[in-house]
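Colleague: The following comprises the amino acid sequence and a computationally predicted model.
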Amino acid sequence: MRLSYIHRGRRLSVFGCVVGSAALTLMAIEIAATSTAASQKSLTVWDGVYTGAQAERGKVAFSRRCSFCHGEDLDGSEDPGGPPLLGSVFLSHWDGLSMAEIFATVGETMPQNRPATVPTEELAEILSFLLHTNKIPPGQRELPDDPADLQDILFVARPETR
Ligand code: HEC
């Protein structure tokens with residue numbers, strides 16, 4: 001390295017200075033990275049991540065594709081058998097997951113008798129309906145169906161105290 005040509009004492013002080021500023025730069029980068037991650041993570045389902053109209057469309061789709069097993073009101077059915085999709089037990093299953101993970105899991109496993117048959121746009125509507133029925137409020141923007149966008153939305157069972 002160029003620094004090693006410099007007289008030892010001087011090199012050390014220059015070196016210290018370089019290391020010091022490099023450390024500062026690293027710290028700055030780390031802080032920037034952390035705050036970016038934090039601002040992405042801070043978007044949760046409680047921030048108005050779907051629209052009321054989207055949930056309305058989801059209600060129709062849910063009724064056609066899912067209510068047979070999960071009940072019209074999402075309270076589950078004994079026969080043919082499907083768990084409720086509302087309430088604290090249900091919400092606890094999704095707590096801490098990204099909407100991308102939820103989207104992928106539900107998309108790949110449901111409807112149980114015909115997995116992976118729901119178009120992504122419709123799945124976003126159905127998930128909006130599930131959020132709405134679980135008393136998570138709508139907002140101005142639609143729930144996306146792109147995994148990259150869904151990755152930034154965190155599902156938490158309760159609104160955080162801020
Ligand atoms: C043929 C019956 C059937 C249909 C139709 C069906 N499901 Fe299910 N669903 C089940 C059963 C049984 C389970 C529980 C076992 C499991 O998770 O695989 C389940 C589990 C789930 C879960 C996980 C619940 C939890 O507590 O974690 C979700 C979410 C879900 N279904 C959503 C849907 C959606 C959305 C549709 C419509 C696109 C749908 N299901 C259609 C039978 C069905």
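Modeller: Sure thing, it's come through.
Colleague: Now do the closest residue to Gly71 other than its chain neighbours, the pLDDT please.
Modeller: Ranked by C-beta to C-beta, 6 or more residues apart in numbering and with sequence neighbours excluded, the top spatial neighbour of Gly71 is Ser77, at 5.0 Å. (Glycine included, C-beta is placed from N, CA and C.) At Ser77, the model reports a pLDDT of 92.
Colleague: what's the spacing between Ser77 and Glu56?
Modeller: 23 Å (C-beta to C-beta, to the nearest Å).
Colleague: element containing the nearest residue in space to Gly58 that is not next to it in sequence?
Modeller: Nearest residue to Gly58, sequence neighbours excluded (C-beta to C-beta, 6+ apart): Phe129, at 3.1 Å. For Phe129, the host element (DSSP states H and E) is helix 120-133.
Colleague: Same question for the helix or strand just after that helix: list its buried residues.
Modeller: The helix or strand immediately downstream of helix 120-133 is helix 147-150, counting by DSSP H and E. By 16 or more other C-beta atoms under 10 Å, the buried positions in helix 147-150 come out as Leu150.
Colleague: Then stretch 47-62?
Modeller: Val49, Tyr50, Thr51, Gln54, Ala55, Arg57, Gly58, Lys59, Ala61, Phe62.
Colleague: residue contacts, the fourth one?
Modeller: Listed by C-beta atoms under 8 Å, 6 or more residues apart in numbering, the contact partners of Gln54 are Ala124, Glu125, Ser128, Pro138, Glu142, Leu143.
Colleague: can you list the buried residues of stretch 47-62 in TSV and add secondary structure, distance to the ligand and pLDDT?
Modeller: Shown next, in TSV, are those (DSSP: H, G, I helix; E, B strand; the rest coil; distance: C-beta to the nearest ligand atom, whole Å; pLDDT from 0 to 100):
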residue	secondary structure	distance to the ligand	pLDDT
Val49	coil	17	98
Tyr50	coil	14	98
Thr51	coil	18	98
Gln54	helix	14	98
Ala55	helix	13	98
Arg57	helix	13	98
Gly58	helix	9	98
Lys59	helix	12	98
Ala61	helix	7	98
Phe62	helix	6	98
